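Need a 3D model of the sequence below.
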Amino acid sequence: MIQQAAGVSKSTVYSYYPNKEALFVAVVEAECELILNTVRQRKFPERHLADMLNAMAQTYLEIVLSRDGMALYRAIVSEATRFPELGRRFYLAGPGAMNDAVAEILEAAETRGEIDLGSIGRDTAASLFVNMARGEALMQCLTHPESPASAAQLNRWAKDAVTTFLRAFEKNASGGRHRVHSPAEKAQT
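Model (predicted):
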C-alpha cells in the first residue's frame, strides 16, 4: 500500500528501509509525530494549571480515542511481542513524548509555586497524570469498539484526571499541599 501510495517501486521503498519492520517503525513514528504536533499546535490557556491540564487531556483523548488512534494502538499492541523495538519506538514517540509535554507544564507550574511534586518529581507526576486521563478512557474504547466515546465522556475523563491530580499536588493557600483524608480519618471528624 505504501509503495502504491508513493507511486514508486518496491525496490525503491526497500532502498530506504531494509525490511518491513523498519518501514512499519517509520510509519508509526510519523503517525505519532503527527499526533504530537496536533497537541503542540493547540493553544492551551496559560492562566490556570487546571485549565491547561484539562485542555491538554481533552486534546490527547480526542486523538488517542479516534478511529485512527485506536487502530494504531491495536496494531502496535498486536505486533509488539514479535517486534519489541516497534513497541519501544511507539512508546517513545507517542505516550512517552506526551508525558514529556505534560512534564514541561508541570515543571513551569512548580516553578511558579502552584504545585508541589515533592520527591515524586515531574516525570513521574506527568506519567501519572497522562495515565489517569487515558486509562479508563482507553479501556472503555478498547472493550466497546462499537461505541465511540462521546464529547461528554471525554470531558468527564479529562476533568476527573485533572481534579484527582490537583488534589494530590496543588498547593493550598498556606503554601502546603492539599491533604486528602482517608475514609477512617473522615469518620473521626
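
Counting neighbours, what do you get for residue 142?
13 (other Cβ atoms under 10 Å). C-betas here are computed from N, CA, C, even on glycine.

What of residue 101?
16.

again with residue 123
15.

where's the residue nearest to it when sequence neighbours are not counted relative to residue 23, distance?
Closest residue to residue 123 apart from its sequence neighbours, by Cβ to Cβ, 6 or more residues apart in numbering: residue 103 at 5.4 Å. For residue 103, the distance to residue 23 (Cβ to Cβ, to the nearest Å) stands at 31 Å.

more crowded one of these two?
Set residue 103 next to residue 23 and count neighbours by other Cβ under 10 Å: residue 103 wins out with 20 against 16.

Return the set of buried residues in the host helix or strand of the more buried one.
If you go by DSSP states H and E, residue 103 is part of helix 95-111. Residues 95-103, 105-107, 109-110 are the ones in helix 95-111 that count as buried (16 or more other Cβ atoms under 10 Å).

gap between the residue nearest to residue 123 and residue 160?
According to Cβ to Cβ, residue 103 and residue 160 sit 21 Å apart.
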